[in-house]
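Asker: A predicted structure for the sequence below; I have some questions about it.
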Number of protein chains: 2
Amino acid sequence: MATPNIVEVASLIGDPSRAAMLMNLLSGKALPASELARAAHVTPQTASSHLAKMVEGGLLVHESYGRHRYYRLASAEVGQALEALHAIAPPKPVRSLRESDQSKALHFARTCYDHIAGEVGVALTHRLLALGLLHEEGRDFAVSIDGAKWFRDFGMDLDEIRRGRRHFARQCLDWSERRHHMAGALGAALTTRLFDLSWIDSIPGGRAIQVTKYGFRGLSQELGITFDDEWKQAE
Amino acid sequence: MATPNIVEVASLIGDPSRAAMLMNLLSGKALPASELARAAHVTPQTASSHLAKMVEGGLLVHESYGRHRYYRLASAEVGQALEALHAIAPPKPVRSLRESDQSKALHFARTCYDHIAGEVGVALTHRLLALGLLHEEGRDFAVSIDGAKWFRDFGMDLDEIRRGRRHFARQCLDWSERRHHMAGALGAALTTRLFDLSWIDSIPGGRAIQVTKYGFRGLSQELGITFDDEWKQAE
DNA sequence: TTCACACTTCGATGATAGTCGAATTTTTTG
DNA sequence: CAAAAAATTCGACTATCATCGAAGTGTGAA
């Protein structure tokens, strides 16, 4: 009979270098130690020490591929705790044009563990709601009859997505839009589908996402979603 | 346009003294600085310094009543972040009989911000479900027709409870039982009702709750809930 | 009004932990 | 096999921050 003690995990997260690594891993991907060292602007030996602590503390797990060691978040619960901390964290002032661009990119579209968030994620979710393809059910989303057809036509197998123990379609509060986007198995599968269609692409070095020209066109034609600023268009 | 930075809030939570205070404030009550100092086993001046940081960092708010200064969590979101950290925190080994008793008491019944948790909270929730007074609806609970009558007879005004912007009845994962208890406005109102009936009482110095002899009898007669160990009975 | 109590502020101390240079280990490549 | 690359380990250094004694401020009770 033991009582969890949050001090250790909180102090693990509360270091700037470690937080930078964790934020990058919120992309949901597994990243090699060297890339995490670069992301955190520390030497490989410092990163190694930090990563070992986070593995020991249960925040990360790692797998080796030859001489490369890949790290990822230990569970969706770790991702959720990081997001919950985001909701109570003070906004950090932007101090350079580079930071401003990165901030804008994150606000526009980013991965929130394994599903899309930001302006694009919220627009997607609310358009699906407006078209009656999704509806709210408590803190979840449910797919309508028309919605089931739409997802199937869009190339997604709802039965396959429903299989498994995770939540099907959950509302996830978006910290930049202050409205919900869609998480859960359906949110993750939709995001994967958008990547597969090359409608969205990762921006290297973080978890920001860019919408491709195919994506802007597809979102407009399939769902009637348009965005105010075409400067976001990928080259 | 700013991006939240979780380092500051995480490092605030990651100090043992500050975490002890935050855990006490998870009772949902406002506590005076002197009591928080005692709970954390530090001097008033140390506590004062910590409390100022947490107020500055947005975790706590305070109000003065004469020479007493009462602190409480700044929002339900802070409570949720603390709970989310609990879900990923390693169990802390118990090292004394006193700690063991406190751990047992927390496991049996405690406040999780403003609703009851632990073995009692989960037993209540699941009994209401078993009797068909509540049913699960996504990640929420919904009250059945019979349930509405039961709550009304129990002295609770569901219309009043539903008023307001907060979730009505939410599933909240219980870290000690690993099952859900009921949070949200209904969970809070039910907990308040149990206090009002003197079925439960706070144990001073933390957020553990004891069930009174009226409570054991009431829970048994009203809901058919019994517990294995009568040693938990309050004198 | 005086005294006691709650709380805050100031400043010095000491422990802790992040950091990187150096060295070592492991794996891959030519 | 030798060299390069990825990652880890070791050890010393230094900056940071929690801590408490001392002092000060504000409020309430006698």
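Answerer: Perfect, I can see it now. Numbers count the residues shown, from 1 in each chain, chains lettered A, B, ... in the order given.
Asker: How many residues are close by A:Ala52?
Answerer: Around A:Ala52 there are 12 other residues, counting by other CB atoms under 10 Å in any protein chain shown. Any C-beta I mention is one placed from the backbone N, CA and C, and that applies to glycine too.
Asker: Which of the residues in the helix or strand harbouring it are classified as buried?
Answerer: Assigned by DSSP states H and E, A:Ala52 belongs to helix A:44-56. By neighbour count with 16 or more other CB atoms under 10 Å in any protein chain shown, helix A:44-56 contains the buried residues A:47-48, A:50-51, A:53-54.
Asker: Give me the contact list for that helix.
Answerer: A:12, A:15, A:17-18, A:21-22, A:33-34, A:36-37, A:40, A:42, A:60-62, A:71 (CB atoms under 8 Å, 6 or more residues apart in numbering or on different chains).
Asker: make it 6 Å
Answerer: For helix A:44-56, the external contacting residues (CB atoms under 6 Å, 6 or more residues apart in numbering or on different chains) are A:12, A:17-18, A:33, A:36-37, A:60, A:71.
Asker: now stretch A:209-222
Answerer: A:109-110, A:198-201, A:203, A:225-226, A:234.
Asker: now those residues as CSV including secondary structure and pLDDT?
Answerer: Putting the contacts of stretch A:209-222 into CSV (DSSP: H, G, I helix; E, B strand; the rest coil; pLDDT from 0 to 100) gives the following:
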residue, secondary structure, pLDDT
A:Ala109, coil, 92
A:Arg110, strand, 89
A:Ser198, coil, 92
A:Trp199, coil, 93
A:Ile200, strand, 93
A:Asp201, strand, 89
A:Ile203, coil, 81
A:Ile225, coil, 91
A:Thr226, coil, 88
A:Ala234, coil, 47
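Asker: filter those to the buried ones?
Answerer: Among the contacts of stretch A:209-222, those classed as buried by 16+ other CB under 10 Å are A:109-110, A:199-200, A:225.
Asker: What separation do you get for A:Asp146 and A:Ile225?
Answerer: For A:Asp146, the distance to A:Ile225 (CB to CB, to the nearest Å) stands at 17 Å.
Asker: now A:Ala37
Answerer: A:Ala37 sits at a distance of 38 Å from A:Ile225 (criterion: CB to CB).
Asker: Next: A:Ala81.
Answerer: Counting by CB to CB - A:Ala81 and A:Ile225 are separated by 31 Å.
Asker: just A:Ser49 next, same as before
Answerer: Distance from A:Ser49 to A:Ile225, by CB to CB: 45 Å.
Asker: Switch the contacts of helix A:44-56 over to a markdown table, and while doing so, append secondary structure and pLDDT to every line.
Answerer: Formatted as a markdown table, these follow (three-state DSSP; pLDDT from 0 to 100):
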| residue | secondary structure | pLDDT |
| --- | --- | --- |
| A:Leu12 | helix | 96 |
| A:Ser17 | helix | 95 |
| A:Arg18 | helix | 96 |
| A:Ala33 | helix | 94 |
| A:Leu36 | helix | 94 |
| A:Ala37 | helix | 94 |
| A:Leu60 | strand | 95 |
| A:Tyr71 | strand | 95 |
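Asker: of these, list those near DNA strand C.
Answerer: A:Ser17 (CB under 7 Å from any atom of the strand).
Asker: and which of the buried residues of helix A:44-56 is nearest DNA strand D?
Answerer: A:Ser48 (3.1 Å; CB to the nearest atom of the strand).
Asker: Run a quick check on A:Leu85 versus B:Gln80, I expect a contact.
Answerer: No. Counting by CB atoms under 6 Å, A:Leu85 does not reach B:Gln80; the two are 10.1 Å apart.
Asker: neighbour count winner among those two?
Answerer: Taking other CB under 10 Å, A:Leu85 and B:Gln80 do not tie; A:Leu85 has more neighbours (26 against 20).
Asker: what bits of chain A have low per-residue confidence?
Answerer: A:1-3, A:92-94, A:165, A:205, A:229-235 (pLDDT under 70).
Asker: Quick check: beta-bridge partners of the one residue sitting closest to the centre of chain A?
Answerer: Closest residue to the average C-alpha location of chain A: A:Cys112 at 1.8 Å, with CA atoms, centre = their mean. For A:Cys112, the beta-bridge partners are A:His115 (DSSP bridges).
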